[in-house]
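Engineer: the following comprises the amino acid sequence and a computationally predicted model.
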There are 2 protein chains.
Amino acid sequence: MTAEMTPPTSSLARAGVRPVPAAVYEGGLFADCPELIGTPFTYARDEEVYGEGEEAEFVYKVVSGAVCTYKVLSDGRRQITGFHLAGDLFGFEHGPAHRHTTEALADTRVLVFSRAQIERVATGRADVACRLWSLAARGLGHAQDHMLLLGRRSAVERVAAFLLDVDARLGGTGRFALPMTRRDIADYLGLTIETVSRTLSQLESEGALLRTGSRDVALRRRQIRRCIED
Amino acid sequence: MTAEMTPPTSSLARAGVRPVPAAVYEGGLFADCPELIGTPFTYARDEEVYGEGEEAEFVYKVVSGAVCTYKVLSDGRRQITGFHLAGDLFGFEHGPAHRHTTEALADTRVLVFSRAQIERVATGRADVACRLWSLAARGLGHAQDHMLLLGRRSAVERVAAFLLDVDARLGGTGRFALPMTRRDIADYLGLTIETVSRTLSQLESEGALLRTGSRDVALRRRQIRRCIED
DNA sequence: CGAAGGCTTGAGGAGTTTCAAGCGACGTGG
DNA sequence: CCACGTCGCTTGAAACTCCTCAAGCCTTCG
């Protein structure tokens, strides 16, 4: 691990986090790209990975756990722009600084990559640059779907769509534990925690889902889907 | 102009639009990339450039005029995801099909590029692929800003931010003609036309702007900016 | 065992939408 | 050339959805 590859240590020290032995978790950004090897790192629950305005020095890949990226207004209103689960990349930026904040929703293992090195490799290898392009394009597509949700969907539709999305990303079995709090869900869906809570209760009373714990749900996916106009 | 480069003619014929002589408007996708030359085309006001679900065969660059891209729900609710003015690119997709619809807000001249050709060039030239990556990343950044607006901002903040954005893109003089209708603005900001109209009236009554025609506005930018928490 | 934090539920209220009416600009046809 | 219909925009009143404020419950953790 070179000096260049060391993320700002303040937040790590704060949480008492230390890098795990490289040999155990080391992996590439892309399967077929041995030049881009990430350094394993871990972040504790609620720990900030980077903040808005900080220099965008690193790019990250989730190994296990979950993080979310968000923007906050000066009066505290917050919009979560995305959740990143195992396998997802985050931390890419267009300019020199991070345009949002990222924090861990749970204890999370990541691979850290040097942005400068990725860009160096990309300028030389068109296939790598194309994968980065593809990645950004996929993210853009998702963002556009989410704009439709935020701009035009009702509370029930938002929550229903969210549940189906999480289910799909967590295996698609219809049963799962939400990896985030009501506040996170609310800030992702542009609602309040009370509305999220009420909407979940409503869906449960209609028999569209079953809650075993406050985080654990079992969906009747047919019925949930019927809540969503498309 | 090869057969491959001919956009579906139905909509063109409908509007009586014909390609203008290539020598006049022909230009590249990027300044330094002579391989990627676009074919000039024009679309009439309200004409659809492509629809959601259609094969994403072409990519477009606005020469003059304006277009918007949007998604619609089956019950008619619509979310505009972006306005594209002179110089802007649109029509890039991640998958094989367009994920949204694009139509012209005014009579619009564009350059049409073959997507397959762009992708061929990109797989061979890392610099081109990097510019495409950069383009997508910029779009993603904008989308994230817009999510914050849609999820967390009030009507006044949305309209104020919108006015400043249009002003900046139209020269930044503080005086301009809105290239889109109230319906378009509303569908971009996640509001109704009535709310947009009322909010403009409110801003005018507060002296934050002056309307000379229904589309022509002069901003007091300081005052408009004060409406927006950041 | 007590405090803190996350979640739920209720009551009331604010902001935005819905429904409705009217105005003005524009284009068309008599 | 003017009447008329259309379309985009504005404004008002009422309704509705979601938010705010508040209280209480449950779980977790020290």
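Structural biologist: Cool, got the structure.
Engineer: when you work out contacts or count neighbours from here on, use the C-alpha atoms and nothing else.
Structural biologist: Fine.
Engineer: does the nearest residue to A:Thr192 once chain neighbours are set aside belong to a helix or a strand, and which?
Structural biologist: Leaving aside its chain neighbours, A:Thr192 sits nearest to A:Ala186 (5.1 Å; criterion: CA to CA, 6 or more residues apart in numbering or on different chains). In the assignment (DSSP states H and E), A:Ala186 maps to helix A:182-189.
Engineer: and that helix, what does it pack onto?
Structural biologist: strand A:78-84, helix A:155-169, helix A:193-205 (3 or more CA pairs under 8 Å, 6 or more residues apart in numbering or on different chains; DSSP states H and E).
Engineer: can you tell me which of these is most buried?
Structural biologist: Among the helices and strands packed on helix A:182-189, the stretch with the highest mean neighbour count (mean count of other CA atoms under 10 Å in any protein chain shown) is strand A:78-84, at a mean of 23.
Engineer: close to chain B, is that one?
Structural biologist: Yes: against chain B, strand A:78-84 shows contacts by CA under 8 Å from any CA of the partner chain at A:Arg78, A:Gln79, A:Thr81.
Engineer: could I get the contacting residues of the last one?
Structural biologist: Contacts for A:Thr81 were tallied using CA atoms under 8 Å, 6 or more residues apart in numbering or on different chains; they are A:Cys68, A:Thr69, A:Tyr70, A:Lys71, A:Ala143, A:Tyr188, B:Gln144, B:Met147, B:Leu148.
Engineer: kindly report the same for the first one.
Structural biologist: Contacts for A:Arg78 (CA under 8 Å, 6+ apart) come out as A:Tyr70, A:Lys71, A:Val72, A:Asp187, B:Leu148, B:Arg152.
Engineer: and which of those residues is nearest to B:Tyr50?
Structural biologist: B:Leu148 (27.8 Å; CA to CA).
Engineer: and A:Ser134, what element?
Structural biologist: A:Ser134 belongs to helix A:126-152, assigned by DSSP H and E.
Engineer: what packs against that helix?
Structural biologist: So helix A:126-152, by 3+ CA pairs under 8 Å, 6+ apart, packs with helix A:115-124, strand B:78-85, helix B:115-124, helix B:126-152.
Engineer: A:Arg169 is nearest to which of these?
Structural biologist: Taking CA to CA, helix B:126-152 is the member of the helices and strands packed on helix A:126-152 nearest to A:Arg169, at 20.9 Å.
Engineer: okay but A:Gly101 is in contact with A:Glu48, surely?
Structural biologist: Careful, residue A:101 is Thr and not Gly. Yes: the pair A:Thr101 / A:Glu48 is scored as a contact, 7.5 Å apart, by CA atoms under 8 Å.
Engineer: common neighbours of those two, please.
Structural biologist: By CA under 8 Å, 6+ apart, no residue touches both A:Thr101 and A:Glu48.
Engineer: what sits against the residue nearest to A:Thr192?
Structural biologist: A:Thr192, A:Ile193, A:Thr195, A:Val196.
Engineer: ok, now with 10 Å
Structural biologist: Applying CA atoms under 10 Å, 6 or more residues apart in numbering or on different chains to A:Ala186 gives the contacts A:78-80, A:155, A:158-159, A:192-197, B:151.
Engineer: just those that are near DNA strand D?
Structural biologist: On the criterion CA under 7 Å from any atom of the strand, A:Ala155, A:Thr192, A:Glu194, A:Thr195 are the entries of the contacts of A:Ala186 that sit beside DNA strand D.
Engineer: closest to chain B out of the residues you listed?
Structural biologist: Lowest distance from chain B to the ones next to DNA strand D among the contacts of A:Ala186 (CA to the nearest CA) belongs to A:Thr192, with 10.2 Å.
Engineer: count of neighbours near the closest one?
Structural biologist: As a burial measure, A:Thr192 scores 17 neighbours (other CA atoms under 10 Å in any protein chain shown).
Engineer: so what's it up against?
Structural biologist: A:Ala155, A:Arg182, A:Arg183, A:Asp184, A:Ile185, A:Ala186, A:Arg198.
Engineer: with pLDDT added, can I get these in CSV?
Structural biologist: Rendered in CSV, the data for the contacts of A:Thr192 read as follows (pLDDT from 0 to 100):
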residue, pLDDT
A:Ala155, 98
A:Arg182, 98
A:Arg183, 98
A:Asp184, 98
A:Ile185, 98
A:Ala186, 98
A:Arg198, 98
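Engineer: can you pull the domain assignment for chain A?
Structural biologist: Listed domain ranges for chain A are A:3-138, A:153-226 (source: automatic domain parsing).
Engineer: could you see whether DNA strand C lies near the first one?
Structural biologist: No: for domain A:3-138, no contact with DNA strand C is found by CA under 7 Å from any atom of the strand; the gap never falls below 8.8 Å.
Engineer: give the rounded mean pLDDT of that domain.
Structural biologist: For domain A:3-138, the mean pLDDT works out to 85.
Engineer: buried residues in the helix or strand containing A:Leu210, which are they?
Structural biologist: Element membership for A:Leu210 (DSSP H and E) is strand A:209-211. Within strand A:209-211, the residues that qualify as buried are A:Leu209, A:Leu210, counting by 16 or more other CA atoms under 10 Å in any protein chain shown.
Engineer: hmm, who's touching it?
Structural biologist: With CA under 10 Å, 6+ apart as the criterion, strand A:209-211 contacts A:163, A:174-175, A:177, A:200-204, A:216-221, A:223-224.
Engineer: state the distance from A:Phe58 to B:Thr195.
Structural biologist: A:Phe58 sits 42 Å away from B:Thr195, going by CA to CA, to the nearest Å.
Engineer: let me fix that, I meant to ask about A:Glu35.
Structural biologist: When A:Glu35 is compared with B:Thr195 (using CA to CA), they lie 53 Å apart.
Engineer: so A:Ala56 makes contact with A:Phe90?
Structural biologist: No: using CA atoms under 10 Å, A:Ala56 makes no contact with A:Phe90, being 11.1 Å away.
Engineer: check contacts around the nearest residue to A:Asp216 once chain neighbours are set aside.
Structural biologist: Excluding the flanking residues, the one nearest A:Asp216 by CA to CA, 6+ apart is A:Ala177, at 4.3 Å. Going by CA under 10 Å, 6+ apart, A:Ala177 touches A:Val166, A:Asp167, A:Leu170, A:Arg211, A:Thr212, A:Gly213, A:Ser214, A:Arg215, A:Asp216, A:Val217, A:Ala218.
Engineer: and the domains of chain A as JSON lines, adding distance to B:Val110?
Structural biologist: Formatted as JSON lines, those follow (distance: least, CA to CA, whole Å):
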{"stretch": "domain A:3-138", "distance to B:Val110": "22"}
{"stretch": "domain A:153-226", "distance to B:Val110": "33"}
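Engineer: identify whichever of the ones you listed lies nearest to B:Gly28.
Structural biologist: The nearest among the domains of chain A, by CA to CA, is domain A:3-138 at 19.6 Å.
Engineer: and the closest one, how far from the chain's centre?
Structural biologist: 10 Å (CA atoms, centre = their mean, to the nearest Å).
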